[in-house]
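S.K.: sequence first, then the predicted structure:
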Amino acid sequence: MQILLSCAKTMAESTSLPIPRTTSPLYGAQAGELAGQLATLSTEELAKILRVNHRIAATNRLRYSRFHDDAERALPALAALYGVTADDILAGETRPRACGDTPSEVGLYLERRSGLRFRIGYSVAVMLLAAWAAFQYKTWSWLFLLASPICLWLGWSTCHGKDILRRRLLVLVPLGAAWVYALARDVPSWNGVSEWVSTVLPNAHQAGWAQVMIERFAVWLLLLVTLGVLYGVGSLIVRQPLLKDKATRRAAFIGWGLTLCSEAVCLLLCWQPALAYITTGTYTWSSTRGDYTSLAGERVMAFYSVYDPVMQVQRGIIAVTVIVCIVLALRARRREREN
C-alpha cells in the first residue's frame, strides 16, 4: 500500500500557531531585490513568466508588493505552507480551511479540467450545428441536430461558483436560440402552409412562394423572441444579469430591440406587395405592357424593392451590434484583469 501526500505549494500569509523561534534566511537581500523587481511587473507579465493563470499571478503580485512592508510579520517557511501535511507537523491536527484561503492546487486543477471539458463539449456542439446548417437539405441532417445537445450535455460539469455558471449560461443563450431555429426549420408541418394559403386565398397562384416567405418570417421572429426569453431565464437562474458590463448589456439590448423593430417594419411594408404577387397568375394580362407575362414579374420586383432595403438595414444592425458588443466585452474583461 502506498501513502500519497498532497502537494503543499499553496502559501499562507498568517498563522495562529505559536512560533517558538525564527532565524534569518540565507540570501535575504537577494530575495528582497528580486521581489522588488517582480513587483514592478503587471499581472499579465507575471502570468506569462510564471506560467500561471491571472488569479494566481494577481495574488503573487500582491505578495511581492508587500514583501518589504514589515519584516517582523514574516512567517517561518514551514508555517507558510499549509495543508494536511504541514498542519500535522506544526500542530498535530488538521486546520480547518478559512474562507479567504487561496484554493488548493488540486482544486485549481479540477476547476481547469471542468472548464476545459465544458469548452470542448460546447465547441463540438457548435460544430455539429454548423454541419447541420451545411447539410440541412439532406435527409440525414437531423443526426447533427440531435448530436449537438448531447455533446453539450456530455461536456457539462460542476460549476465552481455562480460566476462560472453565469458565463456558461451566457454562451448557451445563442446556442439554444440556434437549436430552436434549426428545429423550427425542420418542422414537417411547413409543407402544409401552401395548402393553407390556397384555402384562405382561393385565387392564390404563388402558394409555394408564400410558404417560403411565411416560413422565413415566422422562424426569424421565433429566433429573436427565443434569444430574449433564454436571456431572461438565465438571468433569473443566477439572479443577476448574464451580461455584467452595463455598456455591453445596453448595446446588446438596443441591437436586439432594433432588429425586432426592423422585422416588424418589414412585415408591415411587405404585406401588401406580397399579397398582390401571391394572387397574380404567371400569365396574367398586363394592360400597361400589353402582354401576359410581365405583371407577375412587376409585382414580385415591387415586393423585393421594399424587402431588400429593409433586410440590408437589418443585417447592418446585427453586424454593428455584434462588433460593438465584442469590443465592449473585451474592454470590460481587460479592466477586470487590471483590477
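M.R.: Arrived safely.

S.K.: from here on, contacts and neighbour counts on C-alpha atoms
M.R.: Fine.

S.K.: and the helices in the stretch 1-150 of the chain?
M.R.: Shown for the stretch 1-150 of the chain, the helices assigned by DSSP state H, counting those that start in this stretch span residues 28-39, 43-50, 54-65, 77-80, 84-90, 105-134, 142-155.

S.K.: same check, this time on the stretch 201-339 of the chain
M.R.: So, for the stretch 201-339 of the chain - with DSSP H, counting those that start in this stretch - the helices run 207-238, 246-278, 294-338.

S.K.: let's have those in a markdown table, adding distance to Thr23.
M.R.: Formatted as a markdown table, these follow (distance: least, C-alpha to C-alpha, whole Å):
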| stretch | distance to Thr23 |
| --- | --- |
| helix 207-238 | 50 |
| helix 246-278 | 52 |
| helix 294-338 | 37 |
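
S.K.: what's near enough to touch Val219?
M.R.: Tyr181, Ala184, Arg185 (C-alpha atoms under 8 Å, 6 or more residues apart in numbering).

S.K.: how much space between Leu129 and Gly155?
M.R.: Distance, Leu129 to Gly155, by C-alpha to C-alpha, to the nearest Å: 16 Å.

S.K.: quick one: low-confidence parts of the stretch 151-300 of the chain?
M.R.: 187-202, 204-205, 281-295 (pLDDT under 70).

S.K.: wait, Val238 touches Arg168, no?
M.R.: No: applying C-alpha atoms under 8 Å, one finds Val238 not in contact with Arg168, separated by 10.9 Å.

S.K.: more neighbours, those two?
M.R.: Per other C-alpha atoms under 10 Å, whichever of Val238 and Arg168 has more neighbours is Arg168, with 19 against 14.

S.K.: the more buried one: which element?
M.R.: helix 162-185 (DSSP states H and E).

S.K.: okay, now the closest residue to Asn203 other than its chain neighbours: neighbour count?
M.R.: Distances taken as C-alpha to C-alpha, 6 or more residues apart in numbering place Thr279 nearest to Asn203, at 5.7 Å, with adjacent residues excluded. Thr279: 18 surrounding residues under other C-alpha under 10 Å.

S.K.: thinking again about what came up before, can you tell me which of the helices of the stretch 1-150 of the chain comes nearest to Gln312?
M.R.: helix 105-134 (21.7 Å; C-alpha to C-alpha).

S.K.: that's a helix at His160, yeah?
M.R.: No: read with DSSP: H, G, I helix; E, B strand; the rest coil, His160 is coil and lies in no helix.

S.K.: surely it touches Arg112?
M.R.: No: shown here, His160 and Arg112 do not form a contact pair, counting by C-alpha under 8 Å, at 10.2 Å.

S.K.: pLDDT wise, what is Ile317 at?
M.R.: On the pLDDT scale, Ile317 is placed at 92.

S.K.: report whether the expected contact of it with Leu258 is present.
M.R.: Yes: using C-alpha under 8 Å, Ile317 makes contact with Leu258 at a distance of 7.2 Å.

S.K.: which of Leu129 and Gly155 has more neighbours?
M.R.: Comparing Leu129 with Gly155 by other C-alpha under 10 Å, the one with more neighbours is Leu129, at 25 against 20.

S.K.: so who does the more buried one touch?
M.R.: Phe144, Leu145, Ser148, Trp179.

S.K.: out of those residues, which is most surrounded?
M.R.: Going by other C-alpha under 10 Å, Ser148 tops those with 25 neighbours.

S.K.: now do the same contact list for the closest residue to that residue other than its chain neighbours.
M.R.: Nearest-residue entry for Ser148: Ala125, 4.2 Å, with adjacent residues in sequence omitted and distances by C-alpha to C-alpha, 6+ apart. Each residue near Ala125 by C-alpha under 8 Å, 6+ apart is listed here: Ala147, Ser148, Pro149, Ile150, Cys151, Leu152.

S.K.: mind running it again at 10 Å?
M.R.: 119, 131, 144-153, 155, 175 (C-alpha atoms under 10 Å, 6 or more residues apart in numbering).

S.K.: just the buried residues out of the residues you listed, in PyMOL syntax.
M.R.: Command for PyMOL that selects the buried part of those, burial taken from 16 or more other C-alpha atoms under 10 Å:
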select buried, resi 119+131+144+145+146+148+149+151+152+155+175
